[in-house]
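*Asks:* Pasting the sequence and the predicted coordinates here, then a few questions.
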Amino acid sequence: MVLKIGDKIRVRGPYATWHYGMYIGRYFDDRRGLIEHAVVHNSKVQHGVVIDSLARFSGGKQVFIEGRAAPGYENVVAQRALALVGTKYDLLGFNCEHLVNLAQTGEHKSQQLRNAVGVAAVAAIAAALVSSGERPRYDRKTKRWRNAQGQFVAH
């Protein structure tokens, strides 16, 4: 795998999630010096958008390329990502996927977040239905159905 400036990259995160970053190539940091393979990413642990080495970003996990910058726009994408360094992390409003999509396409979106909200909504509805106690239960002694309040119901 050959990374190019402006590549939207990802590594496996906790549970069934991905952690996203924007590959920016070589970067000189006043504190750390030259970072040969630098990545801009929005770190929950570091509380915002930071520049890290590819090794630190990946944590030893396999790196996947999800998308590449349009030809001729590689440096524009990298500059957009760099302009967001220091922005605070917000799971719902500005997470790692928001960062890379904003830098690469100009769109503030997170498909993972949309999927998670959809799954959570379905789970909440299912839990409410199951716990509502509205299902009648069969009383073997009387051979009749009872509701959650113990009253007999037609079934």
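*Replies:* Great, that's in hand.
*Asks:* lowest-confidence helix or strand of this structure?
*Replies:* helix 111-131 (a mean of 58; mean pLDDT, DSSP states H and E).
*Asks:* Can you name the next helix or strand after that one?
*Replies:* Per DSSP states H and E, the first helix or strand lying C-terminal to helix 111-131 is strand 137-139.
*Asks:* Neighbouring strands of that following strand in the sheet, and parallel or not?
*Replies:* strand 144-146 (antiparallel) (DSSP bridges).
*Asks:* next one: the partner strand to chain centre, how far?
*Replies:* What separates the centre of strand 144-146 from the centre of its chain is 47 Å, taken as C-alpha atoms, centre = their mean, to the nearest Å.
*Asks:* buried set for it?
*Replies:* Buried positions in strand 144-146, judged by neighbour count with 16 or more other C-beta atoms under 10 Å: none. Every C-beta, even on glycine, is put in place using the N, C-alpha and C of the backbone.
*Asks:* So what touches that strand?
*Replies:* P136, R137, Y138, D139, F152, V153, A154, H155 (C-beta atoms under 8 Å, 6 or more residues apart in numbering).
*Asks:* buried subset of the residues you listed?
*Replies:* The neighbour count (16+ other C-beta under 10 Å) marks P136 as buried among the contacts of strand 144-146.
*Asks:* Now flag whichever of the contacts of strand 144-146 is closest to G13.
*Replies:* Nearest to G13, judged by C-beta to C-beta, of these is R137 at 42.6 Å.
*Asks:* And that closest one, how far from R146?
*Replies:* To R146, R137 is 6 Å away according to C-beta to C-beta, to the nearest Å.
*Asks:* same question, E97
*Replies:* 49 Å.
*Asks:* and G25, bridged to which residues?
*Replies:* Here G25, judged by DSSP bridges, has bridge partners A38.
*Asks:* I'd say it and N75 touch.
*Replies:* No: assessed by C-beta atoms under 8 Å, G25 is found out of contact with N75, at 9.2 Å.
*Asks:* More neighbours: which of those two?
*Replies:* The residue with more neighbours, out of G25 and N75, is G25; 18 against 13, by other C-beta atoms under 10 Å.
*Asks:* Identify the residues contacting that one.
*Replies:* Neighbours of G25 in contact, by C-beta under 8 Å, 6+ apart: L3, K4, I5, H37, A38, A78.
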